[in-house]
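Colleague: Provide a 3D model corresponding to the input given below.
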Amino acid sequence: MNFHQYNYTKPFQLENGQILENLTIAYHTAGTLNPEKNNIIWVCHALTANSDVFDWWAGLFGENELFNPKDHFIICANVIGSNYGTTNPLSTNPETNSPYYRDFPTITIKDMSNAHQLLADHLGISTIHLLIGGSLGGQQALEFTLLNQVKVDNLVLLATNAIHSPWGIAFNESQRLAIEADSTFNDKTENGGRNGLIAARTIAMLSYRTYIIYEQKQKDEDSVYNDFKASSYQKYQGEKLANRFNAHSYWTLSKAMDSQNLARNRESLEKSLSQISSNTLVIGISSDILFPPSEQKFIANHIPNAKFIEIDSIFGHDGFLVELQELNTILEHLV
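Modeller: Got it, this is the predicted structure:
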């Protein structure tokens, strides 16, 4: 995929009324737009992913995969607040000429979607053949569609929701508390809150996976009384994220996930969903405790042209990234 950055030089107003000056949007593209302009696949990424969808959704997206640059023009934009090239807490605050850090404004899913619309306008895109996203990406895809400025022919939503649940918010708050408990989070440094981020990620892993997976993959021999596999795995996952992300962006993006509510400044969730005319496929993961299938069924029940499919998986929320063979089968009719 090819990396690009679009610099929007006008003031960008956020949902809370604050302004971001000089918004930069990082994005990747692959393939060529056909003459009919009907081969666009737009991907909305999840919480800590980047805009290189070939990197984190390999097996579904790639040179020789179902969604490939030979047949499609693939776009994925990095969200506001993420540290992969789009304006984020480590970007320079024009008012102080130093990084924002904790002064970065509150971002919502709608803000992310408005930024996607700016990029679509910049690229001259008026129709998207397939808009797809899972988790935080699915939240964006819903809001992006409801902006009703780009025609979305096919909408695919995986392991996501129309409003973030108290359960999901509680998980995110526990992670933010872990970050805030690290006193270095208040330091104005890039690595501030690193240990808190490690702890936060270990909390998140418990919501992403399942009892069965830990039982299968992290169980010890009967003779073990210390240095358990599950303990090592948690530390590994925390450090792995801390090596590529930062606490400031993580804190900001978890807040954005909590903001998901299609009824805000609209009549209701049901009415909002009923206004989506796209051919819609909603996919849930049977063992997902963070975004349980009931949330996807709600979406499918209120979008007029929607179909719900549940994938039977032991991988929990991460199933939408792992169950690639089944996803290929489910989505192949859309190519």
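
Colleague: For residue 197, grab the count of nearby residues.
Modeller: By the criterion of other Cβ atoms under 10 Å, residue 197 has 27 neighbours. Just so you know, the C-beta spots here come from the backbone N, C-alpha and C atoms, and that holds for glycine as well.

Colleague: List the buried residues for the helix or strand where it lies?
Modeller: Taking DSSP states H and E as the definition, residue 197 sits inside helix 194-208. By neighbour count with 16 or more other Cβ atoms under 10 Å, helix 194-208 contains the buried residues 194-208.

Colleague: quick one: average pLDDT of that helix?
Modeller: Over the span of helix 194-208, the pLDDT mean works out to 98.

Colleague: right, and the helix or strand after that helix?
Modeller: Next in sequence after helix 194-208, counting helices and strands by DSSP H and E, comes helix 211-217.

Colleague: Can you tell me what sits against the helix or strand harbouring residue 284?
Modeller: Per DSSP H and E: residue 284 is located in strand 279-285. Residues from elsewhere that reach strand 279-285, judged by Cβ atoms under 8 Å, 6 or more residues apart in numbering: 153-159, 291-293, 295-297, 299-300, 303, 305-311, 313, 315-317, 319-320, 323, 327, 330-331, 334.

Colleague: rewinding a little: which one of the buried residues of helix 194-208 is nearest residue 141?
Modeller: Closest approach between these and residue 141, by Cβ to Cβ: residue 208, at 19.6 Å.

Colleague: what sits against the closest one?
Modeller: Applying Cβ under 8 Å, 6+ apart, we find residue 208 in contact with 290, 316, 317, 318.

Colleague: Please repeat the previous calculation with a cut-off of 10 Å.
Modeller: 47, 135, 171, 201, 237, 288-290, 315-319, 321 (Cβ atoms under 10 Å, 6 or more residues apart in numbering).

Colleague: would you list these in a markdown table and tack on secondary structure and distance to residue 281?
Modeller: Below are these laid out as a markdown table (DSSP: H, G, I helix; E, B strand; the rest coil; distance: Cβ to Cβ, whole Å):
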| residue | secondary structure | distance to residue 281 |
| --- | --- | --- |
| 47 | coil | 22 |
| 135 | coil | 16 |
| 171 | helix | 26 |
| 201 | helix | 30 |
| 237 | helix | 30 |
| 288 | coil | 17 |
| 289 | coil | 22 |
| 290 | coil | 20 |
| 315 | coil | 20 |
| 316 | helix | 21 |
| 317 | helix | 18 |
| 318 | helix | 20 |
| 319 | helix | 16 |
| 321 | helix | 17 |
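
Colleague: All good on my end, thank you.
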